[in-house]
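Enquirer: Kindly generate the corresponding structure for this input.
(chains A and B)
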Amino acid sequence: MAAAADGHGGGGGLDPLHQFEIYPILSINIGGYDVSFTNSSLWMVIAAVVAYLIISRGVGAGSLVPTRMQVVAETLYSTVANMVRDNVGDAGKKYFPFVFTLFMFVLFGNLLGMIPYSFTFTSHLAVTFAMAATIFVTITIIGIMRHGLHFFSLFFPAGAPLATAPILIPIEIISYLSRPVSLSVRLFANMMVGHTLLKVLGSFAVMMGAAGILPLGLLVGITALEFLVAALQAYVFTILTCIYLHDAIHLH
Amino acid sequence: MVDDQLDKRLKDLGKRVRTAQAKRAERTGASGGGRGKPAEGMAVGIRITVEMIAGLAVGVCIGLYADKQLGTAPWLLILGFLLGAGASFANVLRTARELDARQARERQAAIDRARDE
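Expert: Numbering: from 1, shown residues only, chains lettered A, B, ... in the order given. Reported below is the predicted structural model:
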């Protein structure tokens, strides 16, 4: 991303938001809707393929003394497996594939975005909100299927006096509805902020000439931090999904 | 013969790893648990901020939309704002409680590991 700052910005006008531009690679129009294959879609496909390759190549060997790829695959697997076990419990095993897929997709979306000239699809609210909304609807359906109408007791904390219900229930409903918003905004904001910061600092390094060494040094540190944020946000996104899943399964 | 040697070396390595882990747990435990890395602190900060805004935003949006549909402006917006603020507080409290619980769990795990040694 850092190196891409100057080249991608285009000439004198260094536009730190240029990197988030979406352009169609393959224009498709179905029934008046623009469903073009964009650079964003391309990087989603790349993220899915890379995740698939790492897991299939890593698991394929299955030897006692693991290869490097196997260590990577097993670490990713056990991270998510532990997360599901700790946060959802045994009932969560059923939903492990869902959570794992989600984790891999977000993680590789974030990490691949760190490659210069690439595109970070998780830096778009449309993408993260679509994911969060899907999670939200899925988990609500899981909860209703497991508990039926009893699921709605989630909106009234156990042990609270009945007189507080008119205030508490709307608050709990709004709190519940705010989950997909906070889930998506958090991921999008983190990725967007980090990448914009990198570009801005990158353009400083270009503009300041010889003194540009200073922002360049800072850039090295922030790039490292960005890698950490990329992994951490994928982790947070997944762990919150687990917590929501826990609520839907156990109702508090 | 060779196997015995390998076994001994493996055991030795295991012991060294465990001592190092215990030492590390002691150190991080003393400095206040999960507050070690700056990036993690930032993640917690952003998480709480977003949590605070999200509840309020949803409440206000519901209020605005209902006002538009029913023509009761501005009362439902005000109600939505207040309920949204309540939801935000509930969200923040819940997040803080969960972070606390995780930190306590991590510290307990570190202490347990150190004691095993």
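Enquirer: number of nearby residues for A:Pro24?
Expert: Counted with other Cβ atoms under 10 Å in any protein chain shown, the neighbours of A:Pro24 add up to 14. In this view, the C-beta of every residue, glycine as well, is placed from N, C-alpha and C.
Enquirer: any idea what sits nearest it, other than its immediate chain neighbours?
Expert: Nearest in space to A:Pro24, with sequence neighbours left out and distances taken as Cβ to Cβ, 6 or more residues apart in numbering or on different chains, is A:Ser36 at 3.6 Å.
Enquirer: Likewise for A:Ile25?
Expert: Of all residues not flanking A:Ile25 in the chain, A:Phe37 sits nearest, at 5.3 Å (Cβ to Cβ, 6+ apart).
Enquirer: one step back: what's near enough to touch the residue nearest to A:Pro24?
Expert: A:24-29 (Cβ atoms under 8 Å, 6 or more residues apart in numbering or on different chains).
Enquirer: Checking the spatially most central residue of chain B next. Helix, strand or coil?
Expert: By Cα atoms, centre = their mean, chain B has its centre lying nearest to B:Leu99, at 3.7 Å. Assigned with DSSP: H, G, I helix; E, B strand; the rest coil, B:Leu99 falls in the helix class.
Enquirer: any idea how far it lies from A:Ala234?
Expert: Here the criterion is Cβ to Cβ, to the nearest Å. By it, B:Leu99 lies 18 Å from A:Ala234.
Enquirer: again with B:Asp112
Expert: The gap separating B:Asp112 from A:Ala234 is 28 Å, by Cβ to Cβ.
Enquirer: Between those two, tell me which one has more neighbours.
Expert: More crowded of B:Asp112 and A:Ala234, by other Cβ under 10 Å: A:Ala234, with 22 against 10.
Enquirer: would the more buried one count as being in a helix?
Expert: Yes. A:Ala234 sits within a helix when classified using three-state DSSP.
Enquirer: got the contact list for the closest residue in space to A:Phe20 that isn't next to it in sequence?
Expert: Closest residue in space to A:Phe20, ignoring its immediate chain neighbours: A:Ser123 at 5.9 Å, by Cβ to Cβ, 6+ apart. Listed by Cβ under 8 Å, 6+ apart, the contact partners of A:Ser123 are A:20, A:113, A:188, A:191-192, A:195.
Enquirer: In those residues, find the pair that's most separated.
Expert: Across those, no pair lies farther apart than A:Gly113 and A:Phe188, at 12.2 Å, counting by Cβ to Cβ.
Enquirer: For the helix or strand that contains A:Phe204, name the packing helices and strands.
Expert: Under the criterion of DSSP states H and E, A:Phe204 resides in helix A:165-207. On a contact count with 3 or more Cβ pairs under 8 Å, 6 or more residues apart in numbering or on different chains; DSSP states H and E, helix A:165-207 meets helix A:4-9, helix A:125-147, helix A:213-250, helix B:38-70, helix B:75-116.
Enquirer: average model confidence for the third one?
Expert: Taken as a whole, helix A:213-250 carries a mean pLDDT of 90.
Enquirer: What are the buried residues along it?
Expert: Using 16 or more other Cβ atoms under 10 Å in any protein chain shown as the test for burial, helix A:213-250 gives A:215-216, A:219, A:222-223, A:225-226, A:228-249.
Enquirer: Tell me how far the helix or strand harbouring A:Met83 lies from the chain's centre.
Expert: Using DSSP H and E, the element containing A:Met83 is helix A:68-87. Mean-position distance between helix A:68-87 and its chain equals 17 Å (Cα atoms, centre = their mean, to the nearest Å).
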